[in-house]
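Asker: Pasting the sequence and the predicted model now:
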Amino acid sequence: MEEFILGGLSVAPGTIAKGTLGNVRLAAGTKVGSPVVVAHGTEPGPVLLATGAVHGNEVVGTAALLATLKHIDVTRLRGTLIAITVANPLAFENATYASPYDQLHMAMPLLWPSMPDGMITQRLAASHKVAFDQATHYLDLHGNADPSFPIVMLYPDQAADDTIRAEQRRMADATGLTQVIMREPPDSSGSLVGSIAGQPAATASAHNVAGLMLELVSRQSTSAAELGRVAVMNVMRVLGMLDTEAEAQPTPKLDGEFEYRGGVVNNNAGLFWPKHSPGTLVEAGTVIGEITDVWGERVEQVTIPATGFVWGYLGTLYGDVTMALPEGSLIGFSAAAM
C-alpha cells in the first residue's frame, strides 16, 4: 500500500490524517474549509467517501461519521475511508439548512461541473471534487427532525450502468435501513425539494461512483449517531473493507419495496396533529393527521396519497420545524409501496 494523497493531506498506510478541503475567506479575513478525516488501510480496497452536514443543521451525519472513525481499527482496514465531516461549514456554523451567505447548500448540483470561481458555497463544493474523483463508493448522511423514521435512498435511474445499480442495492441492503427508490413522483410535489437527479448521491452514481443517501433522525443532535455509524460500518463490511460481523440497526426496517411519492402539503392553516407515527404502513387515503385552527376547531384531515408511509413530519422545512403551519406547508415526505 502506498500513501493516500488528498489535497494537501498525505496519509500513510494504517494511519488516520485530519485536515480541511477548501479555503474561502469571509469579510473579516477568516478562512473557512470543510473538515476531512482520511482513514487509510494497510491493504488495497475500495475508497468510500462519506459526507455529513451537507445541510448545515443536520449535524447527526457529522456525529455518525465521528462515531464510525472511533470504531475503526485502521491497522486492519482494507482500502480508504474519506469522511468530509462538515460538508457545508458556512451553514453548520449558523445551524441553518443552507449557507446564510448565498442560500446554497451542498445537496445541489455543484460538482459536475464544479465551479471554483462561483459563489462561496460553490467554491467550497469545488474543493470536494478531489475526493469524488478518487472515490469508488459514496454515502451522503442527512437527518430529518423528529418525529421521523430512518431510510436509505437509492437512485437506480441515475446510475451510469447496471454495475453501479447493483452496487447501490448491495450497499443499501447492508445498511439495515428501509429502502426508498428515488424517482420523480407523478405530480409536482417532488419539485418542493429540487431535482432528484441533482442530489449528490444521484449525480455521483451517474459518474460511476455508486452513491446512496441516508436519511437519519434527530437531525440537530448527536443522539441518533448510532443509526448512521451502524449503516456506514455495515456498508464497509459488505465492500470488504472490514472483517467484523454486520450489526443490527436499532430501528427495524420495513418489509417490502418503496418508491418516493413526494411531499404532503396542507390546504388550511393551524396546528398539525399527527395520527400515525412516521414509518407506520397505512393504506392510501388514510388520515395521517389533522389540522385544527387556533380556536381548536378541526379545519382539515390530511391523508396519505398512496399506500405506504411518511418518513418524517417536517412542519416547516427551512424554519424551526414548528407544527404551527401556514397553508401550503410541506408537512412531510411519503413513500409508496411498490
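Answerer: Perfect, I can see it now. Numbering: from 1, shown residues only.
Asker: Listing request: residues of the stretch 51-200 of the chain with sub-threshold pLDDT.
Answerer: 189-193 (pLDDT under 70).
Asker: so where do the helices sit in it?
Answerer: Assigned by DSSP state H, counting those that start in this stretch, the stretch 51-200 of the chain shows helices spanning 60-71, 89-94, 120-134, 162-175, 200-206.
Asker: Now render those as a markdown table, adding mean neighbour count and distance to Lys275.
Answerer: For every residue, glycine as well, the C-beta is placed using N, CA and C. As requested, those are exported to a markdown table (neighbours: other Cβ atoms under 10 Å; distance: least, Cβ to Cβ, whole Å):
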| stretch | mean neighbour count | distance to Lys275 |
| --- | --- | --- |
| helix 60-71 | 22 | 26 |
| helix 89-94 | 21 | 33 |
| helix 120-134 | 20 | 39 |
| helix 162-175 | 19 | 29 |
| helix 200-206 | 25 | 32 |
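Asker: now the ones you listed in TSV, with distance to Pro250?
Answerer: Listed next are the helices of the stretch 51-200 of the chain as TSV, based on distance: least, Cβ to Cβ, whole Å:
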stretch	distance to Pro250
helix 60-71	13
helix 89-94	25
helix 120-134	29
helix 162-175	13
helix 200-206	23
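Asker: So which of the ones you listed is nearest Ser188?
Answerer: helix 200-206 (19.0 Å; Cβ to Cβ).
Asker: helices or strands next to that closest one in the packing?
Answerer: Helix 200-206 is packed against strand 137-143, strand 210-216, with contacts defined by 3 or more Cβ pairs under 8 Å, 6 or more residues apart in numbering; DSSP states H and E.
Asker: The last one pairs with which strands, parallel or anti?
Answerer: Meaning strand 210-216. Partners of strand 210-216 in the sheet, by DSSP bridges, are strand 137-143 (parallel), strand 151-154 (antiparallel).
Asker: got these as JSON lines, with distance to Thr51 and mean neighbour count columns?
Answerer: Formatted as JSON lines, the strands paired with strand 210-216 follow (distance: least, Cβ to Cβ, whole Å; neighbours: other Cβ atoms under 10 Å):
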{"stretch": "strand 137-143", "distance to Thr51": "5", "mean neighbour count": "27"}
{"stretch": "strand 151-154", "distance to Thr51": "14", "mean neighbour count": "27"}
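Asker: could the helices and strands packed on helix 200-206 be laid out in a markdown table, adding distance to Met1?
Answerer: Formatted as a markdown table, those follow (distance: least, Cβ to Cβ, whole Å):
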| stretch | distance to Met1 |
| --- | --- |
| strand 137-143 | 18 |
| strand 210-216 | 23 |
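Asker: right, so of those, which gets closest to Ala159?
Answerer: strand 210-216 (7.4 Å).
Asker: what is the mean pLDDT for the closest one?
Answerer: Mean pLDDT, taken over the full extent of strand 210-216, equals 98.
Asker: Check the offset of that strand from the chain's centre.
Answerer: The chain centre lies 5 Å from the centre of strand 210-216; the measure is Cα atoms, centre = their mean, to the nearest Å.
Asker: separation between Leu81 and Gln134?
Answerer: 12 Å (Cβ to Cβ, to the nearest Å).
Asker: Outline the domain layout of the chain.
Answerer: By the assignment in automatic domain parsing, the chain contains the domains 4-238, 258-337.
Asker: Would you mind measuring the gap between the ends of the longest one?
Answerer: In other words, domain 4-238. End-to-end distance of domain 4-238 (Cα to Cα, to the nearest Å): 22 Å.
Asker: quick one, strands of the stretch 201-338 of the chain?
Answerer: Using DSSP state E, counting those that start in this stretch, the strands of the stretch 201-338 of the chain run over 210-216, 258-265, 270-274, 287-292, 298-303, 308-313, 324-325, 330-337.
Asker: separation between the residue in the chain sticking out farthest from the centre and Gly270?
Answerer: Residue farthest from the centre of the chain, counting by Cα atoms, centre = their mean, is Trp295 at 38.1 Å. Trp295 is 9 Å from Gly270, where distance means Cβ to Cβ.
Asker: Would you list the phi and psi of Glu327?
Answerer: Phi and psi for Glu327, reported as degrees, to the nearest 10, are phi -60, psi 150.
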